[in-house]
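Asks: Any chance you could fold what I've pasted below:
(2 chains)
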Amino acid sequence: MKVSEYFIFSLREPPRDAESKSHILMMRGGFIKRIAAGIYSFTPIGFKIIKNIEKIIREEMERINCYEVQLPLLTPAELWQETGRWDTYGKELFRLKDRNERNFCLAPTHEEIITDLVRFAVKSWKQLPFSLFQIGQKYRDEARPRFGIIRAKEFIMKDAYSFDRTEEEAKNTYKKFFDAYCRIFDRLKLDVIPVEAAVGAIGGKFSHEFIFFTDYGEDKVMICNSCSFISKKEISSFFLDTDKLLNEIKSKMETIPSKQKVYTPSTTTVESLSEYLKVPISQIIKSFFVETQSGKHILALIRGDRQISEDKLKLVIKEDFKLADEIKVREIFGAGKGFIGPLNFKGRIIADKTILTCTNGIVGADEDDYHFINIIPGRDFEISEIHDIALAEEGDICPNCKKGTLKERVGLELGHIFYLGEKYSSPMRLEFTDKDKNKRYVIMGCYGIGISRTASAIFEKYGEGENSVVLPYEIAPFKVHIIPINTKDDVIFSTAMKIYSELKDVAIIDDRDDTSPGEKFADCDLWGAPIKIVVGKLLKEKGKVEIIYRHERKREEMRPEEINEKILPYILSQPAPKGSP
RNA sequence: CGGGGCAUAGCUCAGGUGGAAGAGCGUUGGCCUUGGGAGCCAAAGGUCGCCGGUUCAAAUCCGGCUGCCCCGACCA
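Replies: Numbers count the residues shown, from 1 in each chain, chains lettered A, B, ... in the order given. The predicted model follows:
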């Protein structure tokens, strides 16, 4: 490509509305252009990056016999009502009506659409298993789009869906995708780690997120500093020796004086209570009263300095829930939030194991402005259910090796795979007849990669400050960037053009004759080619040109006629870029 | 959805006690120059986000709105 004939540009200064490294670099290099919050256009070089990522993904999907389809973005409400997601997906779903007032939405994901396609055709066990994928836009009305295309309202995604006959078969398929994902991120030259994750709105039985660690991430992960344990923060467990704690409690039953009601006016938060009573927050037992989707009431107890993980609590309760409102709390406990406790509650109590350290605890007295002190769990109230529902914190003991401590890191979720089971095939009646003439639901899985987000991740990793990025060979829009220093010098320019004609398929040449060398170098840094060829004074002095391998920070002098035989094989060998974050 | 910030030329930003709209870069034409966004001359380029109010007079003061960015909540 010749710069003079191409649509390509750069920004001299970082744009006002960009802050993260990838966003700044993608804007400055002219890869993307914002059109509204979370909505971007891709320029020719920006789109080349997307297509290069897609190429890798397509090859790896084909390798596991996953076939490409194209599903509509505009989808009728009826399909979403079949699974209930029309109501449960909430504000994130972009809803619209056609001229006949019929409801539609822009698809945020495609489980319903693909299930609709497959159920139309699949009837027999002989047609299974198989899997399908597509690459295309997704729409989510994000409350807060962020960091350029890292979190956008419209984004590009690869989503795949698998259809199996048995759980065992489906688990094998899941493993195949898991391995394919590892290969994909490997080829993308990104350090991405599979992490066990909560299933969220997609649902299903289990899932893995593929996390890329970076400063501008939005996902929190807990990692052990001594073993290989790693987990999403919201579902991460941590080690507490409950047996030991229970024994300690027994030994204190006699020594701690009996419970005593104390006046604690207006102490509706653990902080204010701890200050008023001059005791550590960790001595307080917090009570959360929740109402489940099916209308059950459950009291969850946790130590004052800890937070409940809603995802972990959900795993215990096995259904959705919300915090009960003030009216309900008053109806059941006769006191407001902040003054309720487990002493008189007759329903199900789920205690987090952290409260076992509260051997001289404090709980609400079920009476406004009063708490009880000298509370021992198991003595003053029954603890029939001890679970792990607390959010893990940095410094907690690793639940796996029980030796290391957990550290928190932020990352970006680039991929997410789900074992769905019958979550969609059952409500949408995707059935097949097995060998024994029994009707069965197809076992499904789904597998996503955020392609535009992955592009951002590459800029986060390979960006160097605000002025330069060196892209991996398989990703870069151009592998070689040729700079003739002086286009008006016939020898220099014709030599540069000759080199360009030999490398045409992988190269861009900056043939602009009105542009200073400094500007060409600056643009070269921003446009990301891993190899830079400079044709200038060295040609006059020694008859040579300069090759700069930007990843390796290596410089070589070469006669122009050597280039073809040396550079192309070098590019084809796709050397692994140096450095890791 | 809560909190904070910003909005003036294509871009990055000054200005502001109310009284003729500014710079740098970019663009166009001319010259000069060719190893890190170089220099000189000339020119074009604006509804100072929108609506309303105060005033003889508003980019500037007041009220409302919108958009964008950041923190948080939310979120495959």
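Asks: any chance you could map the strands in the stretch 251-400 of chain A?
Replies: All strands of the stretch 251-400 of chain A, identified by DSSP state E, counting those that start in this stretch, fall at A:260-263, A:285-292, A:297-303, A:321-323, A:348-352, A:361-364, A:370-375, A:386-387.
Asks: Could you dump those into JSON lines with distance to A:Pro194 and mean pLDDT added?
Replies: All C-beta atoms are positioned from the backbone trio N, CA, C, and that covers glycine. Listed next are the strands of the stretch 251-400 of chain A as JSON lines, based on distance: least, C-beta to C-beta, whole Å; pLDDT from 0 to 100:
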{"stretch": "strand A:260-263", "distance to A:Pro194": "50", "mean pLDDT": "93"}
{"stretch": "strand A:285-292", "distance to A:Pro194": "31", "mean pLDDT": "88"}
{"stretch": "strand A:297-303", "distance to A:Pro194": "29", "mean pLDDT": "91"}
{"stretch": "strand A:321-323", "distance to A:Pro194": "29", "mean pLDDT": "81"}
{"stretch": "strand A:348-352", "distance to A:Pro194": "28", "mean pLDDT": "91"}
{"stretch": "strand A:361-364", "distance to A:Pro194": "39", "mean pLDDT": "92"}
{"stretch": "strand A:370-375", "distance to A:Pro194": "43", "mean pLDDT": "93"}
{"stretch": "strand A:386-387", "distance to A:Pro194": "26", "mean pLDDT": "90"}
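Asks: My guess is A:Asp219 contacts A:Glu209. True?
Replies: Yes - between A:Asp219 and A:Glu209 a contact is recorded at 7.0 Å, counting by C-beta atoms under 8 Å.
Asks: Out of the two, name the residue with the larger neighbour count.
Replies: Neighbours per residue (other C-beta atoms under 10 Å) separate A:Asp219 from A:Glu209, with A:Glu209 holding more: 24 against 19.
Asks: my guess is that one meets A:Ala197, correct?
Replies: Yes - under the criterion of C-beta under 8 Å, A:Glu209 makes contact with A:Ala197 at 4.1 Å.
Asks: which other helices and strands contact the helix or strand where A:Arg119 lies?
Replies: Per DSSP states H and E: A:Arg119 is located in helix A:111-121. Under the contact criterion of 3 or more C-beta pairs under 8 Å, 6 or more residues apart in numbering; DSSP states H and E, helix A:111-121 touches helix A:77-83, strand A:154-164, strand A:443-450.
Asks: Find residues that contact each of A:Glu209 and A:Ala197.
Replies: Residues touching both A:Glu209 and A:Ala197 (C-beta atoms under 8 Å, 6 or more residues apart in numbering): A:Lys232, A:His416.
Asks: follow-up on the earlier one: would you mind pulling up the elements that the following helix or strand past the helix holding A:Arg119 packs against?
Replies: For helix A:111-121, the following helix or strand on the C-terminal side (DSSP H and E) is strand A:130-139. Applying 3+ C-beta pairs under 8 Å, 6+ apart, one finds that strand A:130-139 contacts helix A:44-63, strand A:66-68, strand A:154-164.
Asks: I'd like these laid out as JSON lines, including mean neighbour count.
Replies: Formatted as JSON lines, those follow (neighbours: other C-beta atoms under 10 Å):
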{"stretch": "helix A:44-63", "mean neighbour count": "18"}
{"stretch": "strand A:66-68", "mean neighbour count": "16"}
{"stretch": "strand A:154-164", "mean neighbour count": "23"}
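Asks: Nearest to RNA strand B, out of the ones you listed?
Replies: strand A:154-164 (5.1 Å; C-beta to the nearest atom of the strand).
Asks: Relative to A:Arg187, how far out is the closest residue to A:Lys337 other than its chain neighbours?
Replies: Ranked by C-beta to C-beta, 6 or more residues apart in numbering and with sequence neighbours excluded, the top spatial neighbour of A:Lys337 is A:Val329, at 5.4 Å. Counting by C-beta to C-beta, to the nearest Å, the gap from A:Val329 to A:Arg187 is 54 Å.
Asks: Among these two, which residue is more densely surrounded?
Replies: Neighbours per residue (other C-beta under 10 Å) separate A:Val329 from A:Arg187, with A:Val329 holding more: 21 against 18.
Asks: what about the helices in the stretch 101-250 of chain A?
Replies: Assigned by DSSP state H, counting those that start in this stretch, the helices in the stretch 101-250 of chain A fall at A:111-121, A:167-187, A:242-252.
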